[in-house]
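Undergrad: Whatever this is, show me its structure:
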Amino acid sequence: MVSRIICGFVLACGLALAAERGEEVRLWPDGAPGAESAPEVSEASGNPKLPKRFTVVHYPSIFVFLPPKESANGAAVVVAPGGGHSQLVIDKEGWEIADWLNKNGIAAFVLKYRLARAAGSHYTVQEHALSDAARALRTVRQRAKEWGVDSSRIGFMGFSAGGEVAALIGTRFDAGNDSASDAIERASSRPDFAIVVYPGFRPGTITVPKDAPPMFLVCSDDDRSHVVTTVNLYLDLEKQGVSSEMHIYASGGHGFGMRESPLPVSSWPDRLKQWMADRKLVNSTAGSKE
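TA: Coordinates of the predicted model:
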């Protein structure tokens with residue numbers, strides 16, 4: 001009886017910690033496969049728990065942002081910030097995105113993934129960043145009940161270099177390893193939907209399978225190298241019969257995130273919300289673009 005009380009207390013404490021806004025959860029508590037045991041480098045912001053950016057990452061993790069219980073709808077999104085794989089612009093393309101998702105009743109899990117192009121890095125995008133993305137989805141799916149998430153409505157969203165990670169995990173997922181001793185590794189890494197924002201990757205590196213998840217794509221036409229990538233990904237999805245929606249705005253440049261501007265591109269979160277409502281991922285009247 002005493003042991004059960006102690007176990008219940010420990011579990012309750014664990015849930016309280018996990019539910020704390022912006023709580024960091026390491027994807028591999030004992031260290032990620034192939035990772036260095038070395039200090040990370042970040043740039044401070046006004047919040048000591050949430051840096052403005054990371055320039056060296058060795059301990060991939062997710063930062064947990066849960067919406068208020070009264071507005072939570074069960075959907076969740078893992079968010080991969082951009083930064084050219086040399087940094088993570090995690091304020092604009094991480095914390096701000098989590099705020100928007102939470103306002104719309106969606107749980108957000110901001111991904112801190114390893115950087116293939118940081119100075120002196122031995123990591124690669126297709127091995128380490130992709131592995132971090134897969135582990136993040138498995139973690140959220142395996143702990144879905146704890147975080148109030150529907151395990152069949154977990155998406156992945158990426159910006160720029162994070163958009164490459166989103167395209168990779170949206171096309172190179174697996175069903176999990178049923179024989180793994182680690183319960184997280186038994187969970188699927190397939191996102192139920194993907195949101196790919198001004199992605200950048202080399203031609204020929206993404207092959208779309210027929211069972212790829214539905215995708216929402218957005219870019220601006222004056223972001224020339226990234227708009228070509230976006231359109232080509234859309235056409236590849238169409239060839240495989242994968243449901244997709246694409247928005248190309250005339251102007252907006254690169255890295256507009258969800259910040260307000262006088263340009264029409266700043267309305268893209270409204271288009272995303274409509275797409276998500278159409279797919280029964282959010283309530284069309286919940287939250288706002290702000």
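
Undergrad: quick one: pLDDT of Ser45?
TA: For Ser45, the pLDDT comes out at 86.

Undergrad: Grab the nearest non-local neighbour of it.
TA: Spatial nearest neighbour of Ser45, excluding adjacent residues (CB to CB, 6 or more residues apart in numbering): Lys52 at 4.1 Å. Just so you know, the C-beta spots here come from the backbone N, C-alpha and C atoms, and that holds for glycine as well.

Undergrad: Pull the residues that contact the helix or strand in which Asp132 is found.
TA: Using DSSP states H and E, the element containing Asp132 is helix 130-142. Contacts to helix 130-142, defined as CB atoms under 8 Å, 6 or more residues apart in numbering, come from residues 25, 27-28, 32-33, 60, 62, 76, 78, 80, 109, 111, 113-114, 147, 149, 151, 154, 156, 165-166, 168-169, 172-174, 176, 183-191.

Undergrad: Who is the most centrally placed residue in the chain paired with across the strands?
TA: Closest to where the C-alpha atoms of the chain average out (CA atoms, centre = their mean) is Val79, at 2.2 Å. Counting by DSSP bridges, Val79 is bridged to Val110, Met157.

Undergrad: quick one: pLDDT of the residue nearest to Ser45?
TA: At Lys52, pLDDT is 96.

Undergrad: cool, the one 5 residues further on as well?
TA: The per-residue pLDDT reported for Val57 equals 98.

Undergrad: isn't it right next to Leu111, touching?
TA: No: applying CB atoms under 8 Å as the test, Val57 and Leu111 come out as separate, 10.1 Å apart.

Undergrad: so where do the helices sit in the stretch 101-250 of the chain?
TA: Along the stretch 101-250 of the chain, the segments classed as helices by DSSP state H, counting those that start in this stretch run 130-142, 144-147, 161-169, 224-239.

Undergrad: most tightly surrounded among these?
TA: helix 161-169 (a mean of 28; mean count of other CB atoms under 10 Å).

Undergrad: hmm, who's touching that one?
TA: Contacts to helix 161-169, defined as CB under 8 Å, 6+ apart, come from residues 79-85, 93, 111, 113, 125-126, 129-130, 133-134, 137, 156-158, 189, 191, 194-201, 205-206, 226, 233.

Undergrad: how distant is it from the center of its chain?
TA: How far helix 161-169 lies from its chain's middle: 9 Å, per CA atoms, centre = their mean, to the nearest Å.

Undergrad: Between helix 130-142 and that helix, find me the angle.
TA: Between helix 161-169 and helix 130-142, the angle comes out at 70 degrees (axes from the mean of the first three to the mean of the last three CA atoms, to 10 degrees).
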